[in-house]
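Student: Sharing a model prediction with you, sequence too.
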Amino acid sequence: MKGVTEHSARIGKGDLFVARKGGKTDGICFVDEAVRRGACGIVIDRNEGVNQTGSISIPVIIVPDCRKFISYASARLAGNPSERMTIVAVTGTNGKTTVTHLASQLLQKAKVKTAVIGTTGIFVEGRQTDTSYPDMTTLPPEHFHQLLKELEGVGVSHVLLEASSMGLATSRLAHCNIDIGVFLNIGIDHYEEHGGRQPYLDSKKILAYQAETLIANSEDELCKNMVADAKVPVHFFDCQTICGEPIHEELLKLQLPGRHNRMNAIAAFSVLRVLGYQLADILPFGEYLQLPEGRLQSINKDGITIYIDYAHTPDALENVLASLAMEQQGKLITVFGCGGDRDHGKRPQMGEVAAKYSSNVIITSDNPRSENPLQIIEDILQGISNMKSVQVQVDRRKAIYEAISLAQVGDVVLIAGKGHEKTQHTKEGIRPFSDVEAAMDALQKRPVV
């Protein structure tokens, strides 16, 4: 056996094809293609699928769980690289990307070669690498373990990765040796994809059983519950302490905006503390920390400040808006929408949050996917009682232009929801779109008053 995959189009001669039954398609339907491409065997996890494989001439292997099998096989074929590396997996509704990048920056200051794997891509020593791997927060195991092998080959010793709820629930990390698991916060997201709130919480808790050491936010009751019955060491952090040790403010010179980013930084410092670094040695690195792309990314021109942020949950949006509201004197203009084919329940909550903090709100499209953008907007409007300063502009580019045209010297415009993303997903397909590029174009074309 040379390789293992659940995608028949990726089969090469001597590979094993895992015919997993998915939500929309059944791998059994692609067995003939896999055989034509040179598969050496077929793996299934249900007896009823045996008859559907027909009279093929290669072995059919029945396993208890296709997902766990492909995880196990991928790790073995790659040589189990996670066993020789330090793996830090970060989960939470908000902040995963920021914390993994901040922890990587701190480790780099300590002369450690790191990699970050997550929503914004793959980074080695802080530099994004061009790869053919899927654009996913938590990679499927057939890609993930091969990537770890490649990273080990170039001298990376510490990997910071985002452990998404779906990644955990679908066993993508089942055979990864996780040294440290970090719980940041638990909010509203992906309920519908998981089939409800409890399955979402259960998926997050998987990390508590996989990691050898845990770090948890003691200010979040759900995070505390996640680790309450852990059989491994648990370390807590809050706004004033790191793993039980008080933060000496004279050593911590953070340049990051907002209380939520202070908490993100403290979570990153907690990782290094658990790894054995002393706070007195690492806290001074705080002044060099920088947020990743699309996380309160700022553009300034003609006295107007534009922030682009990935905030796409009620908690995340409130964190960002509360921070900006405290720090600016002019108007706060917010542009946002909600993703389609995702949790409907958070839409009115995000509308309520945006109206609470903003002088003006322009509700627009995010990634509507297969849904009607107008219906998503209508769901958002249900949470807004005072419509006086609320506008609707379905076209996201036009909404950004309108927001920036409203701004005057001293005003702040927040464009929320998509952050680093370079595309927009609608029922017509996926097209190029960047909030940053749209904002810069709008600033250039804005009439000088």
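Tutor: Cool, the structure landed.
Student: Check which residues of the helix-or-strand element of the chain with minimal mean pLDDT are buried.
Tutor: Lowest by mean pLDDT, DSSP states H and E among the helices and strands of the chain is helix 191-194, with a mean of 81. The neighbour-count check on helix 191-194 (16 or more other CB atoms under 10 Å) flags Tyr191, Glu193, His194 as buried. Yep, even glycine has a C-beta here, placed from its N, CA and C like the rest.
Student: Name the nearest residue to Thr364, sequence neighbours excluded.
Tutor: Closest residue in space to Thr364, ignoring its immediate chain neighbours: Ala399 at 3.7 Å, by CB to CB, 6 or more residues apart in numbering.
Student: residues near the closest residue to Thr423 other than its chain neighbours, how many?
Tutor: The spatially closest residue to Thr423, leaving aside those adjacent along the chain, is Ile430, at 5.0 Å (CB to CB, 6+ apart). Burial of Ile430 is recorded as 11 neighbouring residues (other CB atoms under 10 Å).
Student: Show me what the mean pLDDT comes to for the helix or strand hosting Ile430.
Tutor: Using DSSP states H and E, Ile430 sits within strand 429-432. For strand 429-432, mean pLDDT rounds to 97.
Student: which helices and strands does it pack with?
Tutor: Here strand 429-432 touches strand 423-426, going by 3 or more CB pairs under 8 Å, 6 or more residues apart in numbering; DSSP states H and E.
Student: got the buried residues for the strand it packs on?
Tutor: Neighbour counts over strand 423-426 (16+ other CB under 10 Å) mark Gln424, His425, Thr426 as buried.
Student: what bridges to the last one?
Tutor: Listed by DSSP bridges, the beta-bridge partners for Thr426 are Gly429.
Student: On the three-state scheme, the nearest residue to Tyr357 once chain neighbours are set aside is what?
Tutor: Nearest residue to Tyr357, sequence neighbours excluded (CB to CB, 6+ apart): Leu321, at 3.8 Å. Assigned state for Leu321: helix (three-state reduction, DSSP: H, G, I helix; E, B strand; the rest coil).
Student: burial count for Leu321?
Tutor: There are 23 residues near Leu321, going by other CB under 10 Å.
Student: Could you double-check that it lies in contact with Glu352?
Tutor: No - contact between Leu321 and Glu352 fails when scored by CB atoms under 8 Å: they sit 11.3 Å apart.
Student: Let me see the domain layout of this protein.
Tutor: Segmentation of the chain into domains, based on automatic domain parsing, reads 3-64, 76-288, 297-445.
Student: Hmm, Gln105 and Ala265 touching each other?
Tutor: No - when contacts are counted by CB under 8 Å, Ala265 is not listed as touching Gln105 (9.9 Å).
Student: out of those two, which sits in the more crowded spot?
Tutor: Legend: neighbour count by other CB under 10 Å for Ala265 and Gln105, higher for Ala265 (26 against 21).
Student: distance of the more buried one from Thr120?
Tutor: In this view, Ala265 and Thr120 are 18 Å apart by CB to CB, to the nearest Å.
Student: tell me the contacts of the residue nearest to the spatial centre of the chain?
Tutor: The chain has Thr119 as the residue nearest its centroid, 4.5 Å off, counting by CA atoms, centre = their mean. By CB atoms under 8 Å, 6 or more residues apart in numbering, Thr119 lies in contact with Lys96, Thr97, Thr137, Glu162, Tyr310, His420.
Student: my hunch is that Ile333 is in a helix, does that hold up?
Tutor: No - secondary structure assignment places Ile333 outside any helix; it is strand (three-state DSSP).
Student: Following the chain past the helix or strand hosting the residue nearest to Thr364, name the next helix or strand.
Tutor: Secondary structure assignment for Ala399, by DSSP H and E: helix 396-406. Where DSSP H and E defines the elements, the next helix or strand beyond helix 396-406 is strand 412-416.
Student: Could you name the helices and strands sitting against that next one?
Tutor: Using 3+ CB pairs under 8 Å, 6+ apart, strand 412-416 is in contact with strand 304-309, helix 314-327, strand 332-336, helix 396-406, helix 435-445.
Student: Is Leu201 in a helix, a strand, or coil?
Tutor: Assigned by three-state DSSP, the conformation of Leu201 is helix.
Student: mind starting the numbering at 102 from now?
Tutor: Noted, 102 is the first residue going forward, which turns the last one into Leu302.
Student: ok and the biggest helix by length in the chain relative to helix 415-428, angle-wise?
Tutor: As assigned by DSSP state H, the longest helix anywhere in the chain is helix 360-375. Relative orientation of helix 360-375 and helix 415-428, computed by axes from the mean of the first three to the mean of the last three CA atoms, to 10 degrees: 110 degrees.
Student: distance of Leu376 from Ala211?
Tutor: Taking CB to CB, one finds Leu376 at 9 Å from Ala211.
Student: Looking at these two, which is more packed in?
Tutor: The neighbour count for Leu376 versus Ala211, taken as other CB under 10 Å, is higher for Leu376 (19 against 14).
Student: right, and that one touches Ile188 too?
Tutor: No - between Leu376 and Ile188 there is no contact under CB under 8 Å: 11.7 Å.
Student: shared neighbours of those two, anything?
Tutor: Ile281.
Student: Cross-check the contact I'm expecting between Ile281 and Ala312.
Tutor: Yes - taking CB under 8 Å as the definition, Ile281 is a contact partner of Ala312 at 6.0 Å.
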